[in-house]
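1. fold the following and give me the result.
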Amino acid sequence: MRLRGEVLLLALGVASPLSAQRAQWELTVGGVAVHAERAVAFEGRRHTASGSGSGVELALGRSPISVWARAISSDLTASSDTATMAAATLGDIDARGRLSVGAVVLEGGLVRRVVTGQFASRVWQGLRVGGQLHFQSTDEAISFMCAAGYSPTLRSSGAGTTGTALDFESRLRFAPTRLPVWLAIGYRVERRELPGLTGSQLERLSGVLAAGGFALHRGRRPPT
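-> Numbers count the residues shown, from 1 in each chain. Now for the predicted structure:
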């Protein structure tokens, strides 16, 4: 009986940390607001426009694997009545899978942008690969990340042409351990090289993002 008792205690001691590992997960859902500027090189001129947008963001993960997605719709207009090729309504979707290895996070996913401008509507989409550095405070309430990504082939479904893109984003996030909420603020820059009517067309989108919402977690949080 004594031997059986010791075996039972040992089994419980092993199962307890394994159970804690299985319980390391987080679910976040929230809204996003962005103020952005768009610059487009067209026929030897630089066209600019600015505006705001809003959308949703969600993440679900169990360390070290997580999935993350964000969708934003933005309306960008010129600062004056002057016609500009940069003025447009943008619909952006970004979905990624993530693998965390310490402070390094590997990412891969799909990006999609619908551009409704002066002449027509065009859809660009393609794969994105990249990574980020992710740092957390000891209580995991505050985290900071800086991420970079590359889209090797952005294809236009309408024209059948392809382009490339680079993006960079930094973000500071506050998620109190004992409250089911989170807040974040960050800055994003994206540069796309796309085929145009008269050769390569450069597009640059940059702006400040603010986000927040609800969070449920248990154990160590995956990067979000």
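
2. list the buried residues of the host helix or strand of A184.
-> Assessed by DSSP states H and E, A184 sits inside strand 181-196. Within strand 181-196, the residues scored as buried using 16 or more other CB atoms under 10 Å are W182, A184, G186, R188, E190, R192, L194, G196. C-beta here means a position set from N, CA and C on the backbone, and glycine is covered the same way.

3. low pLDDT regions in the chain?
-> For the chain, applying pLDDT under 70 flags the ranges 1-23, 79-83, 119, 157-160, 196-199, 219-222, 224.

4. which neighbouring elements make contact with the lengthiest strand in it?
-> Scanning the chain for the longest strand, with DSSP state E as the assignment, gives strand 199-218. Contacts defined by 3 or more CB pairs under 8 Å, 6 or more residues apart in numbering; DSSP states H and E place strand 199-218 against strand 25-42, strand 181-196.

5. let's have those in TSV, adding distance to T84.
-> As requested, the helices and strands packed on strand 199-218 are exported to TSV (distance: least, CB to CB, whole Å):
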stretch	distance to T84
strand 25-42	8
strand 181-196	15
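
6. chain center to the one helix or strand F168 maps to, what's the gap?
-> Element membership for F168 (DSSP H and E) is strand 162-174. Strand 162-174 sits 7 Å away from the centroid of its parent chain (CA atoms, centre = their mean, to the nearest Å).
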